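Participant: Build me a structure from this.
(chains A and B)
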There are 2 protein chains.
Amino acid sequence: MEKHVYFFGGGKADGNESMKNLLGGKGANLAEMAGNDELKLPVPPGFTITTEVCTFYYKNEKKYPEELNNQVEDALRKTEEVTGKVFGDAKNPLLLSVRSGARKSMPGMMDTVLNIGLGEETIPGLLEKSGNERFVYDAYRRLITMYADVVMEKAAGLELGEDNGIRKQLEKLMDIMKEKKGVKEDTELEASDLKELCSQFKIKVKEVIGKEFPDKPADQLWGGIGAVFSSWNGKRAVSYRRIESIPDEWGTAVNVQAMVFGNMGKDSATGVAFTRNPGNGENKFYGEFLIDAQGEDVVAGLRTPAPVNNDSKNDHNSEFESLEEWRPELYKELFDIQKRLEQHYKDMQDIEFTIENNKLFMLQTRIGKRNGPAAVKMATDMVNEGLISDEEAVTRVTPDQLDELLHPLVDPQAEKKNSPLAKGLPAGPGGASGMVVFTADDAVEWKKNGKKVILVREETSPEDVEGMRAAEAILTARGGMTSHAALVARGWGKCCIVGCGAVEIDYENMLMRIGDAVIKEGEYITLNGTKGLIFKGDLPMVNPSDESTLLTDFLKITDSVRKMKIRTNADTPADSKKARGFGAEGIGLFRVEHMFYGENSQEPLFRLRKMILSKTLEERKTALNELFPFMKKDIKATLEAMDTYPVTIRLIDPPLHEFIPQEKAKLEEISKSLGVDMDELTRRADLLRESNPMMGHRGARLGITYPEVTETQAKAIFEAAAELIKEGKDPHPEVMIPIVALSNEFKDQAEIVKRVHSEVVEETKVDNIPLIVGTMIEIPRAALVAERIAEDADFFSFGTNDLTQLSFGFSRDDIGGFLPDYLEKGILPEDPFQSIDVNGVGQLIKIGIKGGRKTKKNLKIGICGEHGGDPASIEFCYRNGMNYVSCSPYRVPIARLAAAQAALK
Amino acid sequence: MEKHVYFFGGGKADGNESMKNLLGGKGANLAEMAGNDELKLPVPPGFTITTEVCTFYYKNEKKYPEELNNQVEDALRKTEEVTGKVFGDAKNPLLLSVRSGARKSMPGMMDTVLNIGLGEETIPGLLEKSGNERFVYDAYRRLITMYADVVMEKAAGLELGEDNGIRKQLEKLMDIMKEKKGVKEDTELEASDLKELCSQFKIKVKEVIGKEFPDKPADQLWGGIGAVFSSWNGKRAVSYRRIESIPDEWGTAVNVQAMVFGNMGKDSATGVAFTRNPGNGENKFYGEFLIDAQGEDVVAGLRTPAPVNNDSKNDHNSEFESLEEWRPELYKELFDIQKRLEQHYKDMQDIEFTIENNKLFMLQTRIGKRNGPAAVKMATDMVNEGLISDEEAVTRVTPDQLDELLHPLVDPQAEKKNSPLAKGLPAGPGGASGMVVFTADDAVEWKKNGKKVILVREETSPEDVEGMRAAEAILTARGGMTSHAALVARGWGKCCIVGCGAVEIDYENMLMRIGDAVIKEGEYITLNGTKGLIFKGDLPMVNPSDESTLLTDFLKITDSVRKMKIRTNADTPADSKKARGFGAEGIGLFRVEHMFYGENSQEPLFRLRKMILSKTLEERKTALNELFPFMKKDIKATLEAMDTYPVTIRLIDPPLHEFIPQEKAKLEEISKSLGVDMDELTRRADLLRESNPMMGHRGARLGITYPEVTETQAKAIFEAAAELIKEGKDPHPEVMIPIVALSNEFKDQAEIVKRVHSEVVEETKVDNIPLIVGTMIEIPRAALVAERIAEDADFFSFGTNDLTQLSFGFSRDDIGGFLPDYLEKGILPEDPFQSIDVNGVGQLIKIGIKGGRKTKKNLKIGICGEHGGDPASIEFCYRNGMNYVSCSPYRVPIARLAAAQAALK
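Facilitator: Presented below is the predicted three-dimensional model:
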């Protein structure tokens, strides 16, 4: 008979932490905590119904396997034995919680029902046992609310909407009661008020849903189990799974567990803690707790929680007594447990605990989410502590987390000039600016229309997930560092500030007030998520400092694992130095044409334009000779900055017409300089225009029709190298021919480069100028005939931007007309210009590598498209045997990590 | 010991016709004629030095194999035995000819030396034997001229130029002699004049070249052999080989053969003949001959030759006595021999014969060149005569020859209105017009500059080959149907008129006179090569009639061999009918957008433009509804014209901005019709412009963003089919989705088409409307993921135009900037848009076919790019398992032939 139900408790457990696929993360960890010999922690007993039951449930029209009922009964009996209580018993009733638990944590996305087993029959017993009437009716009204909302309203198929749902209607009754009693907080209501409310609730439930609240414990239990399974396919869960790429087939487990009560009075409490600080990674126990509260109160952020110890104190909670101060012995017990848990799991744990009448219970442990800086620090520290290996450390930080360390920050100069409107909790690092929106739907909509938005909410809830995703940053008025908003933002590495009480949101008028300031929907604000500061307006961002030893220490660890080289795409000495600082081991793409863009480009650009608009060889050579000194200087400076490292210099690549001046004055200047009249010059310019310039007369094609253009560039490269060698430097230029489709094109151009090389050697008498000539593989045909091209080429560099354009027939400049529809309709899973299209473009890359290496076994192969900084693409490159990836300077650290991770896969 | 020399003669031969690679075509056929038991023809004895000696010669610094000398001596002895003459003998001297002979005929491209063995020592004997002093000195002066030109001048490495060469200088002496003697023709000079000339020649040779003319027969022989081998690498031969794709390694054989003399007086003659008429294919013996002449005189076209029989008579030679009339018994012998040769070789033979003192000798036989109509007629006739099989017949006609039958002709109406300037010999069929040029170099140069030229020459020589190639047509003033110009033009299927005596060329002033007309260089003339007529001006051409049973009979033969279907690319009922007439078995490409081009397109185009410039779904749907009736009508007409045959209808493919009106008036009309102001409309039009429209928002991409565009087209197709079915017709539409790069794109569009199909079935109650939906494979990625696309597609059609564009990254519209340089520099062997680039694009096609058939074993696959009409590409398609090729209507016959030939390979 198949086992569907796994018991845990009383120092034993049917399951263990390795069974996450079957028991879900929560269930597996409860079993581990309860049953593992090293741990045997105080876990309230209970049992887990497997994820396979969920799968069965959806395959069989929401029916359960036949054996389930008996297995649940058996497990329930065991639970009763351990607790000494009996489910549904009038004297000594056992209450249960029913919670979801998928393989991968989906915080708040599925349903939970607490206090199951409470009803007219069992209330007297609980009153007797607890001696706390207020607690009993508070638990009861919570059960009714939760059950009516989660189980009954959904089962009835009613779509009442958020504002009209049963939960809201019941809360309204409570508000009326509070008003009547002249109190503000729920906790101020007395037992009799709550008892009265329970009666009102049951009548309201019957009225709205048309069914009685089921008072029988068994009905409540099965209703709860069904609700959890159903919530796997709820809208929130499905949308979260889509974002996180969690397969629908996984299903959720259901954890049924004896209730313990943090809300049983002043000797009870509940809390959430991390074995290290998830915000900065410090190896300090960090947590929050609330006295006389149930777990949901902490997460919901309705009350500001107290710190568990001094290390957890901050501006917002320092007034409260810490757990350590309040119950030192319990704190010690908890501290000891968390230490053991981290040692056992060898990773930072996110734990939930409850204190019921001065007794500590562990309700959950799981690997804690952390932001980027924290992940990096923890991984590095744990290696230093001897807790984990280098390899393990490499897997502990995602490229996205590392990216957080490189995220833009609010320009400190701008911060100095602008005083912040307010300060909140720094829940997600980095800076961001955007237009304020007040609803998740607006965030999604505005983002679609190309706007940068910051989502501002009282507090966020799982319903807001898509809007949070769409926003540049998130700001909430309530909640702590463990609130929903903080949790989600931390997972995504998004800039986030929570619990900024100064923010008053006026949803009706779509504006917020911070002190005297009024900020309307659509106005810009800027957040410093690292410090928790909020500014008015659109403040400039700066790139993060690269001097952090945090980053360098961690990257050193990754380097011991990495096998592929990392180069950078850089065109200037400044960028080269920046990239070297980040660990680049060479330049994979230096574009000669860069000198014609940006500042200081006027002089060379004018000469380039003259060259382009030349008609005769004479004219062209004159212009090229004028251009030559600029080229040589530019190339020399970067070769020098990258001294000892290889620098791949790509000869001029873009369609020439890109450089034709639009302004008449510029044309006139050229007309004068060339001695050609304007009519003729205009005619020449018109001749250069192309229907599809991306597939036009460019790259190698240009060098073939105008060999002197290639000659001049080669001469500039080799003379620059010769001069550096004479100056005692060690330059390593590698000449790269772009836009090659035919082996003959490469051969033709390489011959010119080689000829010029020997001429420069002859002239300069420097005989050790490196001569390495390779090509970009960026035209589909080049990949197909790579075997032939490799006969003459010293290296290949995959230009995946153009390769993607031509393989898809997608012009990057024109893709806006349809790409959004493609992504929305799921025709494309992602933008192929961001991550290599493995099925299509990837095949060409494989063909190209195979062909090239067939001819030259050790052919050096790299990638210099934008994909070189994309972790998935880096893994693809490594798997297919590339020697290096090249990416923009700020992506170099990410590439180092991604390449190390690829080496471990 | 290796055999380098193959003897033939006296009814025996060491070699035979199968040894062409070793003995060259001429040598193998001489051996066959001399030694084959069925033939044993009167061939002057001699021997062939193999092509391997030529290869050895070039590999070993122009040295011969050691054994060669002895083997030549042996063969020479045998030749002496058969002739009863002795080489170098004073009494009874044997004279020899030395001729080249490669595997493949290279007419006139290599050197020949005749009359070898004549010198001061042997002249007396020859005078004695021949009793003809004039003949002897004529032969001697020819030997000196030829030898000095071919052997000595070249060996000396002198570059005297054409006008100053030794041959010209000797000819000048002869002219002086003729002037002195007051005669015009060489033949009018007397023996003593020639004897005197021989002395003058020898002095001149010594003076110019610096060496004595070698009077020793053995020196002459080895000099001649060396000259022939050297001429293999002469400029003419190399350039011819390049045009004809003959490998340099093949080398030439050398044929040394006893001389027979057609110039030994009035009982001697020499001639060239064909076993069938090479101009029209008629099964009639056809030839020309000259009394008292050597073979070179016939080919050079200096004298107009006489016909061999009545069938060979024409306007130009009917005044002469035919061979049949002159020497009936010799004619009968020759007629019999040519009959036996054709039966033996089972193909039309081109023969050379000489009559020496009333005795017939066969000097050469080879497969005769023929023009297209002749090739087609011969192949068809020979099948009917039982001479050859269907398969053999298919190999007898090249696609280019068939193309001649489909060549444009001068418009008969225009011909009626213009009287011809003159009439010449119709040496190459079809019509052509172009600007007159008078030198081969000009022809090449002008053609390079994009001009259509007609090369007009007194007569052409092998030096002119490249110019002849460049010209649209060739016109010569002299020479017969077997002259150089006629021969070469026939081989190429080029329009050509020869021997038009009315043409007087004034090279100095670069003009020609025809009667009173003066035509200058650069002026247009038009040739009717089928009739031999020359017109002034640029007359219009018409396409050839397709009613010729010649064509249909031959194509029926090819159909019995062909295995692949042939479809056509047609957009109109008229084209469809035309193609059906040519044998098309369906339409492979019907472009919906065709209706927006050309006449009658104004109405639908206006509505298309409205659709394009619509912004809202409402606007677009209105425009589409207006467009719908035009679409349906257009599609219905072609489906009807192709009744019972499949019609692949490609949904709108081009970038929409192609259709945006440029004229303001048109825009205003649309503005009014749409009710949108001009500013807004202009803005919309601007938004549609793309940087690289070829890779822009088009094809399937359009259908995905605007599903209603696909819906409307599908509806038009299926409603048209339903109506035809109701009318008792049998339409077979196949819907083709263009510009597919992703399987999801196809799936999305196919789903729309299928939905509309069921809606139309529902509405029309016609339940047998065919539903076949396939895709073009024209984007590289589509070929790479063909396996996935085939899951949903019913067929693939390779769109090799776009596939070539994207694989190469060559924009067809912009390729003009570099393609000419690429072809000239040999970077590309040929235009990849004309013949499939097998190495690159071909690989993608193979990947696509393999992928598609992996998913669907019997997936129907065809090609609809322009390559579908290119024979090499058709062979590629067949070899790779395509079901059909589709090409323009006029290429259908070619495709039928090429597909049949592919099936035989």
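Participant: Distance of the residue of the stretch 501-650 of chain A found nearest chain B relative to A:Arg683?
Facilitator: Per Cβ to the nearest Cβ, A:Ile612 is where the stretch 501-650 of chain A lies closest to chain B, at 12.3 Å. Quick note: C-beta positions are derived from backbone N, CA and C, even for glycine. Going from A:Ile612 to A:Arg683 by Cβ to Cβ, to the nearest Å gives 14 Å.
Participant: hang on, the earlier thing: mind pulling up the pLDDT for the residue nearest to the residue of the stretch 501-650 of chain A closest to chain B when sequence neighbours are not counted?
Facilitator: Closest residue to A:Ile612 apart from its sequence neighbours, by Cβ to Cβ, 6 or more residues apart in numbering or on different chains: A:Leu656 at 4.8 Å. At A:Leu656, the pLDDT value in this model is 81.
Participant: what's the neighbour count on A:Leu656?
Facilitator: Residues near A:Leu656, counting by other Cβ atoms under 10 Å in any protein chain shown, number 23.
Participant: who has more neighbours, A:Ile612 and A:Arg683?
Facilitator: A count of neighbours by other Cβ under 10 Å puts A:Ile612 above the other of A:Ile612 and A:Arg683, at 22 against 12.
Participant: List the contacts of the more buried one.
Facilitator: A:Ile612 makes contact with A:Leu656, A:Phe659, A:Ile660, A:Leu688, according to Cβ atoms under 8 Å, 6 or more residues apart in numbering or on different chains.
Participant: do the same with A:Glu866
Facilitator: So A:Glu866 contacts A:Thr800, A:Asn801, A:Phe833, A:Gln834, A:Cys887, A:Ser888 (Cβ under 8 Å, 6+ apart).
Participant: roughly how far apart are the last one and A:Ile587?
Facilitator: Read that as A:Ser888. Relative to A:Ile587, and taking Cβ to Cβ, A:Ser888 is found at 11 Å.
Participant: who has more neighbours, the two?
Facilitator: Taking other Cβ under 10 Å, A:Ser888 and A:Ile587 do not tie; A:Ile587 has more neighbours (29 against 20).
Participant: So the spatially closest residue to that one that is not a sequence neighbour: helix, strand or coil?
Facilitator: Leaving aside its chain neighbours, A:Ile587 sits nearest to A:Val647 (4.3 Å; criterion: Cβ to Cβ, 6+ apart). Reducing the assignment at A:Val647 to three states with DSSP: H, G, I helix; E, B strand; the rest coil gives strand.
Participant: How many neighbouring residues does A:Ala28 have?
Facilitator: Around A:Ala28 there are 26 residues (other Cβ under 10 Å).
Participant: what's the helix ranked longest in chain A in contact with?
Facilitator: Criterion DSSP state H: the longest helix present in chain A is helix A:617-641. Helix A:617-641 is contacted from outside by A:570-573, A:576-577, A:580, A:587, A:590, A:592, A:594-595, A:603-604, A:607-608, A:610-611, A:614, A:647, A:649, A:674, A:676, A:706, A:708-709, A:712-713, A:715-717, A:719-721, A:723-724, A:729, A:731-733, using Cβ under 8 Å, 6+ apart.
Participant: Phi, psi for the spatially closest residue to A:Met695 that is not a sequence neighbour please.
Facilitator: Excluding the flanking residues, the one nearest A:Met695 by Cβ to Cβ, 6+ apart is B:Ser811, at 3.7 Å. Backbone torsions of B:Ser811, given as degrees, to the nearest 10, read phi -80, psi 120.
Participant: One more: A:Ile209?
Facilitator: phi -90, psi -20.
Participant: Same question for A:Ile49.
Facilitator: The phi/psi pair for A:Ile49 (degrees, to the nearest 10) is phi -90, psi 130.
Participant: Any idea how many residues pack against it?
Facilitator: 29.
Participant: which ones are touching it?
Facilitator: For A:Ile49, the contact set (Cβ under 8 Å, 6+ apart) comprises A:His4, A:Val5, A:Leu68, A:Val72, A:Ile225, A:Ala253, A:Val254, A:Asn255, A:Val256.
Participant: Taking the residues you listed, tell me the two that lie furthest apart.
Facilitator: A:Leu68 and A:Asn255 (14.9 Å; Cβ to Cβ).
Participant: Which of these two has more residues huddled nearby?
Facilitator: It is A:Asn255, of A:Leu68 and A:Asn255, that has more neighbours when counted by other Cβ under 10 Å, with 27 against 20.
Participant: quick one: which of the contacts of helix A:617-641 sit in strands?
Facilitator: A:Ile587, A:Phe590, A:Val647, A:Ile649, A:His732, A:Pro733 (DSSP state E).
Participant: Could you list the low-confidence segments of the stretch 501-650 of chain A?
Facilitator: Low-confidence segments of the stretch 501-650 of chain A, defined by pLDDT under 70: A:544-548, A:598-599.
Participant: thinking A:Ile739 is in contact with A:Pro654, fair?
Facilitator: No: shown here, A:Ile739 and A:Pro654 do not form a contact pair, counting by Cβ atoms under 8 Å, at 9.6 Å.
Participant: Comparing those two, which shows the higher neighbour count?
Facilitator: A:Ile739 (28 against 18).
Participant: what's around the closest residue in space to the more buried one that isn't next to it in sequence, how many residues?
Facilitator: Excluding the flanking residues, the one nearest A:Ile739 by Cβ to Cβ, 6+ apart is A:Gly699, at 2.5 Å. Using other Cβ under 10 Å, A:Gly699 has 28 neighbouring residues.
Participant: Over to A:Glu162?
Facilitator: By the criterion of other Cβ under 10 Å, A:Glu162 has 9 neighbours.
Participant: Next up, the contacts around it.
Facilitator: Each residue near A:Glu162 by Cβ under 8 Å, 6+ apart is listed here: A:Lys168, A:Glu463.
Participant: and it, helix, strand or coil?
Facilitator: coil.
Participant: Repeat that for the one 5 residues further on.
Facilitator: Using three-state DSSP, the secondary structure recorded for A:Arg167 is helix.
Participant: What's the local residue count around it?
Facilitator: 16.
Participant: so it makes contact with A:Val151?
Facilitator: No: if you go by Cβ under 8 Å, A:Arg167 and A:Val151 don't touch, sitting 11.8 Å apart.
Participant: which secondary element of chain A has the worst mean pLDDT?
Facilitator: helix A:295-300 (a mean of 73; mean pLDDT, DSSP states H and E).
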